[in-house]
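> what would the 3D arrangement of this be:
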Amino acid sequence: MNQIKSRKYIIPCFCGVVLAANTILAIATPQFLFAEELSIWERLYNLFASSHPQGEAGSRQDGGARRDRCPTVTNPLMAIAPIDVKGNLLVGRTISDRPTFWFYVPYSPAARRRAEFVIIDDKEEDFYSATFMLDRQPGIASLQLPSTAQPFKDGKKYQWVFSVICNPINRSGDATVNGWIEKVPVSKSLNIKLKTATPKDLITIHTDLGLWNDTLTALANFGKENPENTDFQSSWIALQSQFGLKNFHSKTWITYALPEIGLTNNNSAPPQSQPTMLPVQTIIDNLRNMDLTPIPKTK
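A predicted model of the protein is given here:
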């Protein structure tokens with residue numbers, strides 16, 4: 001099994017998939033070929049047009065085969081992030097100070113699993129780290145950094161690591177995906193456009209810049225305000241097949257607001273996971289179901 005080594009993270013690569021896409025990230029000249037002739041929805045579709053996700057067959061090879069691994073699922077944990085058609089990971093780009101990250105999370109909340117999201121800066125220092133409970137139904141999920149998180153700096157690259165903890169005692173079985181994102185500067189003219197843009201305009205701006213994270217976030221924000229818009233509905237469903245999801249179609253998505261206990265400086269220690277406590281009602285129900293018949297004394 002191949003492993004990607006970070007400063008203090010050993011990241012198993014068999015559990016997750018980074019989604020493939022045939023896309024060119026253009027920042028200096030934000031125009032696609034014949035972009036003016038395409039509608040916003042066609043341009044959006046072209047941005048996320050993908051080939052077969054690389055490595056999908058091997059991502060579930062040991063899933064559920066051992067007790068310390070995450071269970072087998074139809075669609076594995078996926079990061080909605082750009083790689084080229086050859087499977088080479090591209091550095092995602094963002095113009096947001098605190099970008100939103102997008103994933104497909106396949107695990108049911110009934111198992112009460114926790115997830116960990118870590119961002120590492122270009123000096124291999126922890127930039128942000130937090131754990132949180134996966135308490136939503138399986139689906140496409142956005143991870144929103146809190147307002148207290150450090151802002152990304154222009155020209156800096158950051159590594160992100162998203163893990164679902166299936167066995168806290170043996171973290172080698174985590175379902176994990178990871179990648180890189182770079183904060184690119186915003187010109188004065190673009191900044192003016194962003195301040196006056198409508199939610200629909202923001203989709204166009206981020207799409208033409210080739211910004212995956214920011215485009216999905218702009219699309220989701222537009223959908224919140226216009227849930228009955230038929231163009232949005234059809235585009236959202238169509239994109240799910242582009243993401244490589246099998247037999248999955250959902251009109252909605254999940255939002256996780258990441259906790260504000262993430263690292264605030266490089267000298268801080270990562271937050272410790274707290275033991276999971278059973279709900280009071282569950283404890284009461286368990287007591288009611290217990291066999292309280294006295295054990296007869298032996299002579």
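> would you map the strands across the stretch 1-150 of the chain?
Counting by DSSP state E, counting those that start in this stretch, one finds strands in the stretch 1-150 of the chain at the ranges 3-5, 10-12, 16-18, 77-79, 92-94, 100-105, 114-120, 126-133, 139-144.
> need those strands in TSV with mean neighbour count, distance to Ala197 and mean pLDDT, can you?
(C-beta placed from N, C-alpha, C; glycine too.) Formatted as TSV, the strands of the stretch 1-150 of the chain follow (neighbours: other C-beta atoms under 10 Å; distance: least, C-beta to C-beta, whole Å; pLDDT from 0 to 100):
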stretch	mean neighbour count	distance to Ala197	mean pLDDT
strand 3-5	11	37	45
strand 10-12	16	37	44
strand 16-18	24	29	49
strand 77-79	24	27	87
strand 92-94	23	16	92
strand 100-105	24	17	93
strand 114-120	21	27	95
strand 126-133	19	28	94
strand 139-144	19	20	93
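> out of these, nearest to Thr204?
Of all the strands of the stretch 1-150 of the chain, strand 92-94 sits nearest to Thr204, with 16.7 Å by C-beta to C-beta.
> which secondary structure elements does that closest one sit against?
strand 175-183, helix 212-225 (3 or more C-beta pairs under 8 Å, 6 or more residues apart in numbering; DSSP states H and E).
> ok, Leu211 touching Thr100?
No - judged on C-beta atoms under 8 Å, Leu211 makes no contact with Thr100 at a distance of 11.3 Å.
> quick one: Lys188 from Ala81, how far?
29 Å (C-beta to C-beta, to the nearest Å).
> for Val91, list the residues it contacts.
Residues in contact with Val91 (C-beta atoms under 8 Å, 6 or more residues apart in numbering) are Lys157, Gly179, Trp180, Ile181, Glu182.
> recalculate using a threshold of 10 Å.
Shown in contact with Val91 (C-beta atoms under 10 Å, 6 or more residues apart in numbering): Leu25, Ala81, Pro82, Lys157, Tyr158, Gln159, Gly179, Trp180, Ile181, Glu182.
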